[in-house]
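Trainee: sequence and predicted model, in that order:
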Amino acid sequence: MKVPFGNMKLHYEQFKTVLDEAVARVMASGYYILGPELEKFEKEFATFLGAKYVVGCASGTEAIYLALAAADCGPGDEVLVVAHTAVPTISAISMTGATPVFVDIKASTYVMRESELESKITPRTKVIVPVHIYGHMAEMEVIMKVAARHNIKVLEDCAQCTGATYRGATAGTIGDWGAFSFYPSKNLGAFGDGGAVCTNSEAEYKKLIMLRNYGQSKRYYHDIVGINSRLDEIQSAILSAQLPYVHELNERRRAIAARYTAGLKDLVVTPVELPGFKHVYHLYVIQTPYREELQQYLLERGIQCLIHYPIPAHLQQAYSFLGYKAGALPTTEHIVKRILSLPMFPQMTDAQVDQVIEGIADFYKDSRYVVDNAEAGSVVKAYGEGQVVS
């Protein structure tokens, strides 16, 4: 059987009754923008997160932008961020006119290497944006301490981490803001674009409410410069309908990940979940020195794998004006040549997971591809935080 990378059709079929009911309710209401469905979802999502306030917006990119705008980021300011992320993270920084300053990552979990932060901070540093990538959060306690010492704000990019936790705190609730994407394939996905910002500050909440709606304090009274970034009523209702199932779906992702790890740990570098963290496996990402060969081998057997992400932001042509050269972020540049995302979606069957495992095991039966037992198994043992292993 074929194993797709994801399958939104199966997701819709699983939740068809509640989704169809939600859409029909909105269509019949005649109220489609900034209405009761958005207000309902914002309150429910705030409760889910354990945050005081949530502001729905049009996309995850604009969620990051709105939080940065709330921090008064603009030309001349610097934002510390990783280059190993979806480019929309960086696009949002560029939208403000601020300059992204890149920090290398930890090879164990692919998140910001917090030990590098101090060396990157300048008088122009305005915000730190740790990206909780693949479903594993960054080391927020250390990041918050560094930020406090330098009076810098922290914005968590939680696009891939809805429901993940760090020492009991939910992703998005530790920094000054948390930005979420509801792109359809996310752990909580809309059926279109959508995003949200959470905060525990009433003042920040009021500012975000204005920023997302042209800077209006009330209709036609524009107190600040804002944009149009609103989460519409249909997407709000769709998200509310799915929200009660997020933990259940995340647990299924974790079960799939555990099955993958048990079958692959002696063949490739598998993901880790560090003590005190709860990984929600938006993606299941392995490392192998034979990435291209393995990807093609699996594709020929009906197994679709992707790469998240093959070119880090600091080496993208669009950001060449920043002046970064190859070698600037050695760990980032090392891992992007080796990472491969395996199929991961809650509706995967155990048989499909086993088919992927068997395909990878069969690949390594070829004598050309040698398992390096120093790398296979626990990546924490294979890689030190500041070390690059070739």
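Mentor: The structure has been received and is ready for your questions. Numbers count the residues shown, from 1 in each chain.
Trainee: so what's the residue count around the closest residue to Gly35 other than its chain neighbours?
Mentor: In space, and not counting its chain neighbours, Gly35 is closest to Glu233: 4.9 Å by Cβ to Cβ, 6 or more residues apart in numbering. The way it works is simple: take the backbone N, C-alpha and C, and place the C-beta from them, glycine included. Neighbour count for Glu233, taken as other Cβ atoms under 10 Å: 26.
Trainee: pretty sure Glu233 sits against Arg25.
Mentor: No. At 9.4 Å, Glu233 does not count as touching Arg25 under the criterion of Cβ atoms under 8 Å.
Trainee: tell me, what's touching those two both at once?
Mentor: Residues touching both Glu233 and Arg25 (Cβ atoms under 8 Å, 6 or more residues apart in numbering): Glu37.
Trainee: what ranges do the helices span in the chain?
Mentor: Using DSSP state H, the helices of the chain run over residues 8-14, 16-29, 36-49, 60-70, 87-96, 117-120, 140-149, 202-211, 233-242, 246-264, 291-299, 330-335, 350-363, 379-382.
Trainee: please identify the most buried of these.
Mentor: Comparing the helices of the chain by mean neighbour count (mean count of other Cβ atoms under 10 Å), helix 60-70 comes out on top with a mean of 29.
Trainee: per-residue confidence for Gln287?
Mentor: Note on Gln287: pLDDT of 97.
Trainee: repeat that for the one 10 residues further on.
Mentor: Tyr297 is assigned a pLDDT of 98 by the prediction.
Trainee: just the one 3 residues further on next, same as before
Mentor: With respect to pLDDT, Glu300 scores 98.
Trainee: who's in contact with it?
Mentor: So Glu300 contacts nothing (Cβ under 8 Å, 6+ apart).
Trainee: below-threshold pLDDT in the stretch 151-300 of the chain: ranges please.
Mentor: Applying pLDDT under 70 to the stretch 151-300 of the chain flags no residue at all.
Trainee: just give me the neighbour total for the closest residue in space to Ile286 that isn't next to it in sequence.
Mentor: Using Cβ to Cβ, 6+ apart and skipping the chain neighbours, the partner closest in space to Ile286 is Val268 (4.4 Å). Residues lying near Val268 (other Cβ under 10 Å) number 26.
Trainee: distance of Val268 relative to Leu294?
Mentor: Note on Val268: its distance to Leu294, by Cβ to Cβ, to the nearest Å, is 8 Å.
Trainee: shared neighbours, these two?
Mentor: The contact lists of Val268 and Leu294 share 288, 360, where a contact means Cβ under 8 Å, 6+ apart.
Trainee: figure out which of the helices of the chain is closest to Gln316.
Mentor: Set against Gln316 and scored by Cβ to Cβ, the helices of the chain come closest in helix 87-96, at 6.5 Å.
Trainee: enumerate every residue touching the residue nearest to Gly35.
Mentor: Glu233 sits in contact with 26, 29, 31-33, 35-38, where contact means Cβ under 8 Å, 6+ apart.
Trainee: if we use 10 Å, what do you get?
Mentor: 22-23, 25-27, 29-41 (Cβ atoms under 10 Å, 6 or more residues apart in numbering).
Trainee: from what I can see Glu139 touches Glu114, true?
Mentor: Yes. Here Glu139 reaches Glu114: they are 4.9 Å apart, a contact under Cβ atoms under 10 Å.
Trainee: got the domain ranges for the chain?
Mentor: 8-103+111-244, 246-382 (automatic domain parsing).
Trainee: which one of these lies closest to Met1?
Mentor: It is, among those and with distance given as Cβ to Cβ, domain 246-382, at 6.9 Å.
Trainee: chain center to the closest one: distance?
Mentor: 16 Å (Cα atoms, centre = their mean, to the nearest Å).
Trainee: going forward can the numbers begin at 31, since that is how I track them
Mentor: Yep, numbering from 31; the last one is domain 276-412 now.
Trainee: what sits against the closest residue to Asp380 other than its chain neighbours?
Mentor: Computed as Cβ to Cβ, 6+ apart, the closest residue to Asp380 that is not its neighbour in sequence is Arg289, at 6.6 Å. Contacts of Arg289 were listed using Cβ under 10 Å, 6+ apart, and they are 314, 378, 380, 383-384, 386-387.
Trainee: how near is Arg289 to Phe71?
Mentor: For Arg289 relative to Phe71 (Cβ to Cβ), the value is 33 Å.
Trainee: now Ile341
Mentor: Taking Cβ to Cβ, one finds Ile341 at 35 Å from Phe71.
Trainee: do Gln382 as well
Mentor: Counting by Cβ to Cβ - Gln382 and Phe71 are separated by 32 Å.
Trainee: on that earlier part again, would you list the domains of the chain in CSV and tack on distance to Met31?
Mentor: Formatted as CSV, these follow (distance: least, Cβ to Cβ, whole Å):
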stretch, distance to Met31
domain 38-133+141-274, 13
domain 276-412, 7
